[in-house]
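Peer 1: Quick one, what's the 3D model for this:
(2 chains)
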Amino acid sequence: MSENDKYYIERCLDGHPDDFRYIVRRYQAVLMAHLAGKLGNRDKAEEAAQESFVRAYFNMNKLRSHGSFFSWLLGIADRVAKEHRRKEMLHQQREVIRSFSQEAARPELSQDYGLEAAIAELPESYRRVVLLRYYGGRSCSQVAEQFDLPLGTVTKTLSRAYAMLRKSLQQPSETESYEVQK
Amino acid sequence: MNCAECKEILVAYLEGLLAEDQKHAVTEHLKDCHLCQAEVKQLTNLQERLVSNGRAAAQSDLENEVLNRIIREQKVRLKAAGKAGAGLELRRLIMKSSITKVAVAAAVIVVAVLGVHYISAPSVTFADVVKPLLNARTLILDVIVNMDGPAVDEDTDPVIHDIIVGSRVRRVISTQEHIVNIFDTDSAKLLTLHTEGKVAVYSDIQGLVQEVTRNYVVFLLDIITDVQNNPDFEAEKIGEKEIDGQKVVGFLARDLTIWADAETALPVRIEGHSPRLSVIYKNFQFNVPVEELEPLVSMNVPDGYKLMESKGEEFDMGTPTEQDLVECLRVWAEVLLDGNFPESIGMTELTKLLPQVEAKLAQSIASAEEGTQKGMALGKGMLFIMGLKDQHYAGSGVKVGEADKAVFWYLPDGADTYRVIYGDLSVKDVAPDNLPK
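Peer 2: Numbering: from 1, shown residues only, chains lettered A, B, ... in the order given. Next up is the predicted model:
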């Protein structure tokens, strides 16, 4: 399990909120990518990521195993994203009623996050590996260590995940890759 | 190797994780198989895309915003918890270590109370009536101090319970019974134990605190040693009486009244009177073996306790300054009294407030660091006052922010002008003639 997470979580639980900084530093890119995939927009993702971190901080005492922080954090992010989408939908419906315009009816999902959106759709055990490998900047063996998996399982998981991603993207990967907006 | 086998380990191959022979086998297969070559190309493209998107995501910087949000939210929650009278769990969660740190500061306050009396106290000599009985290396006693009123109120004033073993003192104050402070005057260290939270903190007491604690120990042991060793002591006998069924003889020596057992000459009760301080020492136990008390004054963190780290000079009680006093007044007024300066800034008053200090600080602070800071400010400010000769407090009825009202003034050693602290906590130099009336 992840020793570092554990150490900083215990520091936070001991009344040092400042040490949550290191947790944020570790997972912000992963969380941003995950939420950008779900919400399709960088600003919304940033807002949701911040909220997820804050929620995680205040619920840390409910975290059973301090080593499984990452999966737990993703779960929180999922709920936050869901709430944000619901809120947005309500907002848009209200807009529609107010303006009698159909134009604003559908939330425009930015194409820029097609890849992240596809990742967000992956089953939990695949998505956490992909996220940590590419957005968390970990090597395969680091991923294996963090999730307590054999290295072979990690590469097989990636292999399956790539297949699913390609299928879901449904476009030849030769085309120009989509950059994440700065 | 066939295509299925190749596909199976292709990712491991691309990640560079295969053993030499397997790697070789894949390389060989790829040379001839266009299908698998295409697969490699697709995989590499996807991976590159992932890597590039990962890099872009790594640009995000949420740290400060998240931290700010947490601090804001924490303040709101603590306030709500305080209002509802609930939320103890939350507070405990956030404040586990702060409370200990506040307690450390509280310890300083009481050290200061005891210390000031002995800074200049020479060893007390007085004649003996009866031969001494023991060689006191250990001493257990209760101390009640009052710096505010003319006399000690034994029923309501806080009681300090001390166990003295050589140069170490274990101290528990009745207003904070879950806090144990162990002073080592040799190494100038203080170990504070929070017996409920099971946390321990070390702090540095080099300087004033070390000195006054040492003086206190020397002073007490001197009294007993004198009683034992000096058969010709010259003290004024003031009479006899009974304390708890024990026949005692009273002596006056300097500003102390000593009531000693008529047969053993061991002190039963000592009363100290000086213009600034009243103090009673009682419930003495003299003959407890060192081996029995040694574990109680150990400077090691006990089993089951967690040691809180401190950063840098967080727990340096060395040299209190005027700034500490200003902070002390700020915390006292803002945190403890809703923006009003206290009626008086007596020690006993603050010691009585200690249980509230913990609770109120816990409600008002957002982090352990802030708790330490504020707690230490209270303690160090009080220490600063202890060292002042010419001082005056006038803060009763003044609110924080009232810039035209003087709260406290003192004459620094060797200075011609007074330093005056105002209600807005600004400080100015003022000539003696211009002091507030």
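Peer 1: When you work out contacts or count neighbours from here on, use the C-alpha atoms and nothing else.
Peer 2: OK.
Peer 1: ok, the residue nearest in space to the middle of chain A - contacts?
Peer 2: Centroid check for chain A by CA atoms, centre = their mean gives residue A:34 as the closest residue, at 2.5 Å. Residues counted as contacts of residue A:34 (CA atoms under 8 Å, 6 or more residues apart in numbering or on different chains) are A:116-117, A:119-120, A:131.
Peer 1: where's it, which helix or strand?
Peer 2: Assigned by DSSP states H and E, residue A:34 falls within helix A:20-39.
Peer 1: Report the angle between the top helix by length along chain A and helix A:20-39.
Peer 2: With secondary structure taken from DSSP state H, chain A has its longest helix at helix A:69-99. With axes from the mean of the first three to the mean of the last three CA atoms, to 10 degrees defining the directions, helix A:69-99 sits at 50 degrees from helix A:20-39.
Peer 1: Helix A:69-99: how far from the chain's middle?
Peer 2: Centroid separation for helix A:69-99 versus its chain: 14 Å, with CA atoms, centre = their mean, to the nearest Å.
Peer 1: what residues does the helix or strand following it touch?
Peer 2: Note on helix A:69-99: by DSSP H and E, the next helix or strand toward the C-terminus is helix A:114-120. Contacting residues not belonging to helix A:114-120 are listed as A:33-38, A:40, A:127, A:130-131, A:165, A:168-169, A:178, B:50 [CA under 8 Å, 6+ apart].
Peer 1: same thing but 7 Å
Peer 2: Residues outside helix A:114-120 that contact it (CA atoms under 7 Å, 6 or more residues apart in numbering or on different chains): A:33-34, A:36-38, A:127, A:165, A:168-169.
Peer 1: go on, stretch A:121-129?
Peer 2: A:119-120, A:143, A:157, A:161.
Peer 1: Have a look at the chain and report the helix or strand with the lowest mean pLDDT.
Peer 2: In the absence of a named chain, this looks at chain A. None of the helices or strands of chain A scores lower by mean pLDDT, DSSP states H and E than helix A:3-13, at a mean of 80.
Peer 1: let's do chain B instead
Peer 2: Per mean pLDDT, DSSP H and E, bottom of the list for chain B is helix B:88-118, a mean of 52.
Peer 1: For the very next helix or strand once past it, which strands pair with it and how are they oriented?
Peer 2: Under the assignment DSSP H and E, the closest C-terminal helix or strand after helix B:88-118 is strand B:138-146. Applying DSSP bridges, strand B:138-146 is found paired with strand B:159-165 (antiparallel), strand B:277-285 (antiparallel).
Peer 1: any idea how far the first one is from the chain center?
Peer 2: Averaging C-alpha positions (CA atoms, centre = their mean) puts strand B:159-165 17 Å from its chain's average.
Peer 1: Walk me through which strands the next helix or strand after that strand pairs with, and which way each runs.
Peer 2: Toward the C-terminal end, the helix or strand that comes next after strand B:159-165 (DSSP H and E) is strand B:168-173. The strands that strand B:168-173 pairs with in its sheet are strand B:159-165 (antiparallel), strand B:176-184 (antiparallel) (by DSSP bridges).
Peer 1: Out of these, which gets nearest to residue B:293?
Peer 2: Nearest of the strands paired with strand B:168-173 to residue B:293, taken as CA to CA: strand B:159-165 at 7.1 Å.
Peer 1: most surrounded residue in the contacts of helix A:114-120?
Peer 2: In terms of neighbours by other CA atoms under 10 Å in any protein chain shown, the contacts of helix A:114-120 top out with residue A:33 at 34 neighbours.
Peer 1: That one and residue B:6, how far apart?
Peer 2: 31 Å (CA to CA, to the nearest Å).
Peer 1: ok, which stretches of chain B are helices?
Peer 2: B:3-14, B:20-32, B:34-57, B:63-84, B:88-118, B:208-229, B:290-293, B:322-331, B:347-364, B:368-386.
Peer 1: what's the least confident stretch among those helices?
Peer 2: Ranked by mean pLDDT, the helices of chain B bottom out at helix B:88-118, with a mean of 52.
Peer 1: Tell me how many other residues crowd residue B:415.
Peer 2: Count around residue B:415 with other CA under 10 Å applied: 9.
Peer 1: again with the one 3 residues further on
Peer 2: Neighbourhood size, residue B:418 [other CA under 10 Å]: 21.
Peer 1: that older thread, is the longest helix of chain A up against chain B anywhere?
Peer 2: No - residues of helix A:69-99 contacting chain B under CA under 7 Å from any CA of the partner chain: none, with a closest distance of 14.2 Å.
Peer 1: which intervals of chain A have sub-threshold pLDDT?
Peer 2: Low-confidence segments of chain A (pLDDT under 70): A:1-3, A:15, A:66-67, A:96-112, A:171-182.
Peer 1: cutoff 80 now
Peer 2: Applying pLDDT under 80 to chain A picks out residues A:1-4, A:13-18, A:64-67, A:92-113, A:170-182.
Peer 1: which other helices and strands contact the least confident helix or strand of chain A?
Peer 2: helix A:20-39 (3 or more CA pairs under 7 Å, 6 or more residues apart in numbering or on different chains; DSSP states H and E).
Peer 1: Return the set of buried residues in the helix it packs on.
Peer 2: Neighbour-count burial for helix A:20-39 flags A:20-21, A:23-24, A:26-39 (criterion: 16 or more other CA atoms under 10 Å in any protein chain shown).
Peer 1: picking up where we left off before, now render the contacts of stretch A:121-129 as CSV, adding neighbour count and distance to residue B:1.
Peer 2: Formatted as CSV, those follow (neighbours: other CA atoms under 10 Å in any protein chain shown; distance: CA to CA, whole Å):
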residue, neighbour count, distance to residue B:1
A:119, 26, 31
A:120, 23, 35
A:143, 23, 28
A:157, 18, 22
A:161, 20, 23
